[in-house]
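A.B. asks: compute the structure for the input listed below.
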Amino acid sequence: MSDRRDRGGGDRGPGSARLRERELEVARDIADAFLTASTPLEVYRRALARVTPQLGASFASVFLRDRDDPRLLRLVCAHNWPQSAARWLGEIRIMVGRGPTGKAVGRNHAVEVSDVFADPSLAEWWEPARELGFASMVALPLAVESRAFGALSFYFTGERRFAPEDRELLEVVAHQLAATAERARLMADLESRSLALERENEALRLRLTDTEATLEQVRRPDRERGGENGGLSGGRSGPAGGSR
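C.D. replies: Have a look, this model is predicted:
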């Protein structure tokens, strides 16, 4: 298992044009996911459906910090996972700092595993890897303002050595997806607050209407009594004036 901290630099070599093309494809796919989704979860689902095949991965997942216990990561999106895992997907929790995905979040940088079964430190993951059918994987942190709030993991059926171009592309995917999901979250929060404000305004309007109706009921007898008193007063002044 290896950690990837540096981004490299300089000339990308003869494959730079193809890499740039793939980066643009990924950015476009994630942007399309954002435009067609209304929640962060939908962004994850649509983006993974588009990006996973481009990367040659068998399946992928998004883990986010658990709201009740931020030390744990819970699976929120699973793309193309084996059907055998469907029964326990909702129960998956990973401790931050443990395993490739947990380490990616805890250290806030990518973690690569070219061969799970060749790394004794990952022995506890060998059985899940056999059951799910993957031999290599890469986990990338999803971060906003240098704060990792989750991880994006891709799984491959065979051994996989990640070239510099692969790493650059994966970093683009993680960065774009984190930023896009955050925008979707902010928009969803804004929409939720807007709806809440509309409900509050409607409730206030109804209360005002009820208050006005109540005041009208209180004022009506006063006006009626005022009218009666005016009529009596006029009746008395007539004869009094006439006698004078």
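
A.B. asks: what's the residue closest to the geometric middle of the protein?
C.D. replies: Pro40 (2.8 Å; C-alpha atoms, centre = their mean).

A.B. asks: state the distance from it to Ala179.
C.D. replies: Shown here: Pro40 relative to Ala179, a distance of 11 Å by C-beta to C-beta, to the nearest Å. (C-beta placed from N, C-alpha, C; glycine too.)

A.B. asks: with Arg74 instead?
C.D. replies: 21 Å.

A.B. asks: so between the two, which is more surrounded?
C.D. replies: Residue environment comparison for Arg74 versus Ala179 gives the larger neighbour count to Arg74, 18 against 15, counting by other C-beta atoms under 10 Å.

A.B. asks: let me know whether that one touches Leu64 as I believe.
C.D. replies: Yes: with contact defined as C-beta atoms under 8 Å, Arg74 counts as touching Leu64 (6.4 Å).

A.B. asks: need the helices for the chain, in chain order.
C.D. replies: 16-36, 40-55, 99-107, 126-132, 164-243 (DSSP state H).

A.B. asks: which parts of the fourth one are buried?
C.D. replies: For helix 126-132, the neighbour count (16 or more other C-beta atoms under 10 Å) marks Ala129, Leu132 as buried.

A.B. asks: do the same with the third one
C.D. replies: In terms of neighbour count (16+ other C-beta under 10 Å), helix 99-107 has its buried residues at Gly99, Pro100, Thr101, Gly102, Lys103, Ala104, Val105, Gly106.

A.B. asks: now Leu208: how far from Phe117?
C.D. replies: Using C-beta to C-beta, Leu208 is found at 70 Å from Phe117.

A.B. asks: the more surrounded of those two?
C.D. replies: Relative neighbour count places Phe117 above the other of Leu208 and Phe117, with 15 against 10, counting by other C-beta under 10 Å.

A.B. asks: can you pull the contacts of the more buried one?
C.D. replies: For Phe117, the set of contacting residues under the criterion of C-beta atoms under 8 Å, 6 or more residues apart in numbering consists of Trp126, Ala129, Ala135.

A.B. asks: ok, now how distant is the closest residue to the first one other than its chain neighbours from Glu21?
C.D. replies: The shortest distance from Trp126 to any residue that is not its chain neighbour, by C-beta to C-beta, 6 or more residues apart in numbering, is 6.0 Å, and that residue is Phe117. Counting by C-beta to C-beta, the separation of Phe117 from Glu21 is 34 Å.

A.B. asks: show me where pLDDT drops low in this protein?
C.D. replies: 2-15, 19, 33-34, 37, 184-197, 221-244 (pLDDT under 70).

A.B. asks: same thing but at 90, please
C.D. replies: By pLDDT under 90, the low-scoring segments of the chain are 1-47, 49-51, 53-55, 67, 82-91, 144-146, 161-244.

A.B. asks: related to what we said a few turns ago, for Arg74 and Leu64, list the residues in contact with both.
C.D. replies: Going by C-beta under 8 Å, 6+ apart, no residue sits against Arg74 while also sitting against Leu64.

A.B. asks: export only the CA atoms of stretch 77-84, formatted as PDB.
C.D. replies: Extracted C-alpha coordinates of stretch 77-84, given in PDB (Å, rounded to 0.1, in the frame of the first residue of the first chain):
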ATOM      1  CA  CYS A  77     -23.000   5.400  -2.800                       C
ATOM      2  CA  ALA A  78     -22.000   2.100  -4.300                       C
ATOM      3  CA  HIS A  79     -21.700   1.700  -8.100                       C
ATOM      4  CA  ASN A  80     -21.700  -1.800  -9.700                       C
ATOM      5  CA  TRP A  81     -20.900  -3.600  -6.500                       C
ATOM      6  CA  PRO A  82     -21.300  -7.400  -6.700                       C
ATOM      7  CA  GLN A  83     -24.900  -8.500  -6.000                       C
ATOM      8  CA  SER A  84     -23.700 -10.700  -3.200                       C
END
